[in-house]
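In: Take this sequence and fold it.
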Amino acid sequence: MTAPSQPLAALLEVMARLRDPEHGCPWDLAQTFATIAPYTLEEAYEVADAIESGEPDRLQDELGDLLFQVVFHARLAEERGWFDFGDVARTVGDKLVSRHPHVFSEPRSSTDHAALSRQWEEHKAHERAAAASGRGEEGPSALAGVARALPALTRSVKLGKRASRVGFDWTVAWEVREKVMEELGELDAAIRAEQQGSAGLVGVSAAQPLDEAPRPGPDPRVVEELGDLLFAVANWARHLRADPEAALRAANAKFERRFACMERKARERGLALTALSPAQWDALWRESKSAEG
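Out: Below you'll find the model as predicted:
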């Protein structure tokens with residue numbers, strides 16, 4: 001293992017060189033917090049992907065890329081006289097010590113998992129209240145601090161958890177399922193209303209299947225109801241103690257495997273994918289599902 005201080009100092013120096021006004025990289029010099037933020041999110045996702053791959057070398061590489069994003073943001077802040085990388089490291093270190101009195105305080109506090117979770121959330125709530133007070137606000141919303149840049153499914157779960165802490169929640173999972181079905185019905189109604197409007201304009205039958213009516217663009221009502229359905233599904237997953245992002249990633253991976261299997265079978269039979277009929281696609285799909293056992 002390598003001692004962290006020397007490589008980290010070298011990385012900070014590399015960043016400083018890249019941002020040197022006279023001799024730095026033109027691309028790096030053109031960047032701002034806003035332009036770098038999408039790359040920061042992308043690198044975080046790539047770390048998660050590397051973890052799922054189980055490849056240590058890849059994980060090391062992706063963690064380095066994510067660390068560079070932190071260094072880049074810290075450099076931009078240092079140039080503005082706000083703070084530097086050392087301040088970032090010290091702040092997070094102090095925060096971790098403060099949030100773990102069961103580890104760093106004497107006498108040691110409870111190590112019961114449930115008690116620690118409550119303590120953690122209470123501490124974060126106190127931090128949010130202090131931040132709100134510092135901004136001159138009366139007090140933070142129970143939903144304050146849930147990052148808007150989070151993946152939408154993850155943010156839906158976090159919003160649901162926050163609302164639950166003040167008593168606004170379903171009591172059991174089957175109640176959430178009923179809400180999902182209610183939202184599905186409202187989505188169907190919005191789609192039918194859209195189709196009926198289209199029928200009056202272009203001669204489409206209102207009895208046409210829900211997914212076949214021609215539309216120039218998404219109807220805002222349909223989009224709204226679809227969002228409500230997805231929010232309900234995300235919180236159903238929460239009540240089932242499942243991570244909807246992880247579930248969807250697994251479903252994506254399964255679809256990719258099965259689609260690749262269909263492509264392979266089509267090639268083996270000399271079939272062009274673009275020429276396959278719906279019945280042929282369905283048969284290949286069933287074969288691919290069966291092949292997984």
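In: Can you name every helix or strand that the helix or strand harbouring residue 91 contacts?
Out: Assessed by DSSP states H and E, residue 91 sits inside helix 85-99. Packing contacts for helix 85-99, counted by 3 or more C-beta pairs under 8 Å, 6 or more residues apart in numbering; DSSP states H and E, involve helix 56-79, helix 113-134. Just so you know, the C-beta spots here come from the backbone N, C-alpha and C atoms, and that holds for glycine as well.
In: Isn't residue 244 up against residue 157?
Out: Yes: Residue 244 is within contact range of residue 157, at 6.4 Å (criterion: C-beta atoms under 8 Å).
In: Overlap in contacts, the two.
Out: Each of 234, 237-238 lies in contact with both residue 244 and residue 157 under the rule C-beta atoms under 8 Å, 6 or more residues apart in numbering.
In: how about low-confidence regions in this structure?
Out: Counting by pLDDT under 70, the chain shows low-confidence ranges at 1, 106-139, 199-216, 293.
In: Going along the chain, name the helices of it.
Out: For the chain, applying DSSP state H gives helices covering 5-18, 26-30, 33-53, 56-79, 85-99, 101-104, 113-134, 152-165, 173-202, 220-239, 244-268, 278-291.
In: Of those, which is nearest residue 144?
Out: Smallest distance to residue 144 across the helices of the chain (C-beta to C-beta): 5.5 Å, for helix 113-134.
In: follow-up on the earlier one: which one (most neighbours) among the shared contacts of residue 244 and residue 157?
Out: residue 234 (24 neighbours; other C-beta atoms under 10 Å).
In: Leaving out sequence neighbours, find the closest residue to that residue.
Out: Distances taken as C-beta to C-beta, 6 or more residues apart in numbering place residue 156 nearest to residue 234, at 3.7 Å, with adjacent residues excluded.
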